[in-house]
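Next come a sequence and a model predicted from it.
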Amino acid sequence: MCYGQQRRSISPNRPSRDNNALAVNTLRVRLAETEARLERARAREAELTRRLEEMKRFVSVMEILESYLKQRFHEQQEYMARFFSSLPAK
């Protein structure tokens, strides 16, 4: 062989195999990262769903309480109206 010429490797497929292995490894790493992000997103979704259900229960209780307080307020208004209407005028 002459100096200055590029010498070929014994296995001409070797560089592409290394590149393929590197690409496969890169894809595996990216897949693992994607799966980890997906798992975190699922956990976050579960937490948000739990909190939403908790808030719905709270709102339901508040609506029941509001309804009860409105009813009691109207009852007290009627009672006071009857009470003051029964007092003799001066």
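Received the coordinates, thanks.

C-alpha from now on. contacts and neighbour counts both.
Noted.

to the chain's geometric centre, what's the distance from the helix or strand encompassing residue 55?
Taking DSSP states H and E as the definition, residue 55 sits inside helix 14-86. Put simply, helix 14-86 sits 7 Å off its chain's centre (CA atoms, centre = their mean, to the nearest Å).

Show me what that helix is packed up against.
Applying 3 or more CA pairs under 8 Å, 6 or more residues apart in numbering; DSSP states H and E, one finds that helix 14-86 makes contact with no other helix or strand.

That helix - what's its average pLDDT?
Mean pLDDT, computed over helix 14-86, is 96.

and residue 24, how far is that from residue 15?
14 Å (CA to CA, to the nearest Å).

now do residue 40
37 Å.

likewise residue 27?
In terms of CA to CA, residue 27 sits 18 Å off from residue 15.

Next: residue 41.
Residue 41 is 39 Å from residue 15, by CA to CA.

can you check residue 22 too?
In terms of CA to CA, residue 22 sits 10 Å off from residue 15.

now residue 83
Applying CA to CA to residue 83 and residue 15 gives a distance of 100 Å.

swap in residue 76?
As judged by CA to CA, residue 76 and residue 15 stand 90 Å apart.

same deal with residue 60?
67 Å.
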